[in-house]
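*Asks:* my questions are about this predicted structure, shown below with the sequence.
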Amino acid sequence: MSKRVTYIRARSGWQVIDLQELKEYRDLFYFLVLRNIKVMYAQTILGFAWAILNPLIQIIVFSVVFGRVAKVSTEGLPYALFSSVAIIPWTYMQEAMTQSSQSLVQGQNMLGKVYFPRLIFPLSPAFARLVDFMISMLLLSFVMFWYRVPPTWNLLYFPVFLLFMVMVASGVGMWLSSFAIRYRDFKYAMPFVMKMLIYSAPIVYSAASIPAKYRLVYSLNPIVGVIEGFRATLLGTPMPWDYIWPGMLIAVLMFFTGALYFKRMERVFVDVI
Amino acid sequence: METAIKVDNISKRYRIGVKEKRHDTVGGEILHMLISPFHNFRKYRSLYRFKGGVEGIDFDAEEQASPDIIWALKDVSFQVPPGEVLGLIGRNGAGKSTLLKILARITDPTTGYAEIQGRISSLLEVGTGFHPELTGRDNVFLNGTILGMKKREIEEKFDEIVHFSGVERFIDTPVKRYSSGMKVRLAFSVAAHLEPELLIIDEVLAVGDADFQAKCLNKMERIGQEGRTVLFVSHNMAAVTRLCSKALLLEGGRVVNSGSAHEVVGAYLNSNLGVTSARRWADPEKAPGNAVVRLRGVRACDEKRVVREAFDIRKPIRLEMSFDVYASGRLLLPHFTVKNSEGVCAFITVDQDPEWRRRPRPAGTYVSTVMIPGNLLSEGMVYISVYCIALNPDGMMFGERNAIAFNVYDNLEGDSARGDYAKDIGGVVRPLLKWTTEYRPGGERADFSRTATEG
């Protein structure tokens, strides 16, 4: 067994992210993600069916309200289809961002009693909620089959946007969790902010409704890129890169700065619980 | 040989709460409420922000100057060689748990440096990470990885772990349905199967019933014997003296005593209770006694006449009392009363020296000594009261209740009266007596239907 030496001293300023250490703790990461998944629907009758019900009901409601009543234009696509391909990635991001931001607060008992790389806290929900996402994708494939949407080469972009989506959720999670542990206001702000954020991306309406001069600013919101990307990937429409690349850059930036900021503030977490 | 743990001037500062200012007027209170977001922000931020550097800081001065700052640890330094079991003792609030948290890397020190060789496993709580909704099986894996084991390791040891805990039948039931005893047994079972180079344990033995505590102690003892380094914090002094070779005493964040476990524990217990194992009355006017005789000193020493605070249970103890006789011609009977920590009298021993039996004592200085043989007293604190009576006419000359006290410990080396038994043993005395056994081979099945008086 290799002789490991641990050095303990006061840290200050920016820290290097120890990837070796993260690799060593991957078993723990796996079990924490597993725990997150199992516990979410514990003692429910419907179990994982809830992963489908949540987006399904939203789709139905939005189809009626925005599709029939308000008659929002959706570039010729049936409203149910239009919103399904957007609501499912959005549900993932909403759940992952909310849970990730609360991860340190919820895990404060473990935080104060045992050491493991703290980055595991915000990253666990981001991965655990992918299970819900995949189950919902199953539902989506039925909807697509129903509307006879043909599979196209765009489907090859799926892993790209999956990565993009996870980066957005983790990046936001890492930033927010390091604030939420110090200032508990975030627990109250999140549900409200999420309700507003749904309108910041083309989920219930089409991006074409946004005037051209605002397009760049609009696309800086990484959620826009994720939604438009998934829509084009799954429906085979031409990939609207104009809406995607600004968000991608922002997402990558948020992810790396989020990790660095988290690492920098890590040393105070336990002292402020 | 490299040291397993090297701690160099570690200090830790915290900010604690102070009483909030109350306003006298309603207007004042309302204004305070309105601008409270600013106050709150500064308050929460100040939990981890401090002004000024930390080099060469005067801990006590800063604590005096700012009532909301507390230095939980002040320049703590020590070294632990590999394979040593070190006990960390001290009053509540002395800084023990803070030190453990720093060594377990849960929190950063404010200044100082520490170096640890090998894999660290810290047991600051039993069942960390246990989730009530998950089954025992899931929780074993979760808790195991939290404590530092790899998935494969846990899979290999899984059956052993479950068997040791005794909850085999319920292993696939959610843990929220377990009794608290079952939870603790399962959690400890996982921890018991760790194989770290350095094990840090914080008072986990405080939970669970007596049976469980004994199990923990046995396991810990075995870990120490396997040559692993253990850092053990506990209030159970008996456990500390039994399991630890060395101990550190923390008080107010500083290391105030270090050395062999029984000495440090003995001194700590004595200082806590305000007694020592040696006492002198320098001024005869104030010494216990009367015009006939005055007690001048009492002490407990080992065979080499060295005063000690703690004694090995197997070794003899010398009790000495020195007294001055001023009026000649009285028959005096000095005696000691030996009591345990509960105040129960173990025995009284009266001066048996044939030289002075029934002999009137001339004036002068006397030192009367009695040797308490090894393997007689029980483990724990022993309180000695000193008396002297006179005969014909009878009267009490001097008496000093609980004059001195010392600690009796058992190192569990196997040749004391407790043998290999590690649990707590009662009894006011613990003599080592001789046992013999008769044995005849063969084993006819006895017919137990007959009553006891027959056969």
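*Replies:* Great, that's in hand.
*Asks:* which of the residues in stretch B:10-24 are buried?
*Replies:* B:10-15 (16 or more other C-beta atoms under 10 Å in any protein chain shown). Every C-beta, even on glycine, is put in place using the N, C-alpha and C of the backbone.
*Asks:* hang on, I meant stretch B:255-265
*Replies:* Going by neighbour count (16+ other C-beta under 10 Å), the buried part of stretch B:255-265 is B:255-257, B:261-265.
*Asks:* same thing with stretch A:131-144?
*Replies:* Buried, per 16+ other C-beta under 10 Å, within stretch A:131-144: A:131-133, A:135-137, A:139-140, A:143-144.
*Asks:* quick one: which of the buried residues of stretch B:10-24 is nearest residue A:245?
*Replies:* Distance to residue A:245 across the buried residues of stretch B:10-24 (C-beta to C-beta) is lowest for residue B:15, with 45.8 Å.
*Asks:* how about the contacts made by the closest one?
*Replies:* B:46-48, B:50, B:68-70 (C-beta atoms under 8 Å, 6 or more residues apart in numbering or on different chains).
*Asks:* before we move on, what about residue B:313?
*Replies:* B:374-375, B:377, B:379, B:408-410, B:416-417, B:430.
*Asks:* if we go to 6 Å?
*Replies:* Neighbour list for residue B:313: B:408, B:410, B:416 [criterion: C-beta atoms under 6 Å, 6 or more residues apart in numbering or on different chains].
*Asks:* tell me the phi and psi of it?
*Replies:* phi -60, psi -20 (degrees, to the nearest 10).
*Asks:* state the distance from it to chain A.
*Replies:* 36 Å (C-beta to the nearest C-beta, to the nearest Å).
*Asks:* quick revisit: farthest-apart pair in the buried residues of stretch B:255-265, please.
*Replies:* Those two in those that are separated most widely, counting by C-beta to C-beta, are B:255 and B:262, at 17.8 Å.
*Asks:* give me the contacts around stretch A:218-225.
*Replies:* Counting by C-beta under 6 Å, 6+ apart, A:168, A:200-201, A:210, A:243-244, A:246-248, A:250-251 sit against stretch A:218-225.
*Asks:* out of these, who's the most crowded?
*Replies:* Within the contacts of stretch A:218-225, most neighbours by other C-beta atoms under 10 Å in any protein chain shown means residue A:168, with 28 neighbours.
*Asks:* got a pLDDT number for residue B:45?
*Replies:* Residue B:45 carries a pLDDT value of 80.
*Asks:* and it, that's in a strand?
*Replies:* No - under the criterion used here (DSSP: H, G, I helix; E, B strand; the rest coil), residue B:45 is helix, not part of a strand.
*Asks:* would you reformat the contacts of residue B:313 as TSV and include neighbour count?
*Replies:* Formatted as TSV, the contacts of residue B:313 follow (neighbours: other C-beta atoms under 10 Å in any protein chain shown):
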residue	neighbour count
B:408	25
B:410	22
B:416	18
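*Asks:* what is the neighbour count of whichever residue of the stretch 151-300 of chain B sits closest to chain A?
*Replies:* Going by C-beta to the nearest C-beta, chain A is nearest to residue B:151 of the stretch 151-300 of chain B, at 4.3 Å. Residue B:151: 15 surrounding residues under other C-beta under 10 Å.
*Asks:* show me the contacts for it.
*Replies:* Neighbouring residues of residue B:151 by C-beta under 6 Å, 6+ apart: residue A:27.
*Asks:* now it: how far from residue B:163?
*Replies:* 20 Å (C-beta to C-beta, to the nearest Å).
*Asks:* what is the top helix by length along chain A packed up against?
*Replies:* What stands out as the longest helix in chain A, according to DSSP state H, is helix A:241-272. Packing partners of helix A:241-272 (3 or more C-beta pairs under 6 Å, 6 or more residues apart in numbering or on different chains; DSSP states H and E): helix A:158-180, helix A:215-219, helix A:222-235.
*Asks:* can you put those in JSON lines and add mean pLDDT?
*Replies:* Shown next, in JSON lines, are those (pLDDT from 0 to 100):
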{"stretch": "helix A:158-180", "mean pLDDT": "95"}
{"stretch": "helix A:215-219", "mean pLDDT": "89"}
{"stretch": "helix A:222-235", "mean pLDDT": "92"}
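*Asks:* for stretch B:318-332, which positions count as buried?
*Replies:* B:318-325, B:330-332.
*Asks:* what sits up against that stretch?
*Replies:* Contacts of stretch B:318-332 (C-beta under 6 Å, 6+ apart): B:292-301, B:334, B:336, B:360-371, B:386, B:388, B:390-391.
*Asks:* now, the residues you listed that are in strands?
*Replies:* If you go by DSSP state E, the contacts of stretch B:318-332 have B:293-301, B:334, B:336, B:364-371, B:386, B:388, B:390-391 in strands.
*Asks:* can you flag which of the buried residues of stretch B:255-265 belong to strands?
*Replies:* B:255-257.
*Asks:* of all those residues, which comes closest to residue B:81?
*Replies:* residue B:255 (16.9 Å).
*Asks:* so that closest one bridges to which residues?
*Replies:* On the basis of DSSP bridges, residue B:255 is bridged to residue B:250.
*Asks:* residue contacts, the closest residue to residue B:294 other than its chain neighbours?
*Replies:* Spatial nearest neighbour of residue B:294, excluding adjacent residues (C-beta to C-beta, 6 or more residues apart in numbering or on different chains): residue B:287 at 4.3 Å. Counting by C-beta under 6 Å, 6+ apart, residue B:287 makes contact with B:281, B:294-296.
*Asks:* most widely separated two among these?
*Replies:* Farthest pair in those, by C-beta to C-beta: B:281 and B:294, 7.5 Å.
*Asks:* any chance of the buried residues of stretch A:131-144 in CSV, plus pLDDT, distance to residue B:39 and secondary structure?
*Replies:* Formatted as CSV, these follow (pLDDT from 0 to 100; distance: C-beta to C-beta, whole Å; DSSP: H, G, I helix; E, B strand; the rest coil):
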residue, pLDDT, distance to residue B:39, secondary structure
A:131, 91, 43, helix
A:132, 90, 41, helix
A:133, 93, 42, helix
A:135, 89, 47, helix
A:136, 89, 45, helix
A:137, 91, 48, helix
A:139, 82, 50, helix
A:140, 87, 50, helix
A:143, 81, 53, helix
A:144, 86, 55, helix
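*Asks:* which one of the contacts of stretch A:218-225 is nearest residue A:270?
*Replies:* residue A:168 (27.9 Å).
*Asks:* the closest one reaches residue A:252, doesn't it?
*Replies:* No - with contact defined as C-beta atoms under 6 Å, residue A:168 and residue A:252 do not form a contacting pair (9.7 Å).
*Asks:* I'd like to know how far residue B:23 sits from residue B:68.
*Replies:* Distance, residue B:23 to residue B:68, by C-beta to C-beta: 20 Å.
*Asks:* try residue B:122
*Replies:* Taking C-beta to C-beta, one finds residue B:122 at 29 Å from residue B:68.
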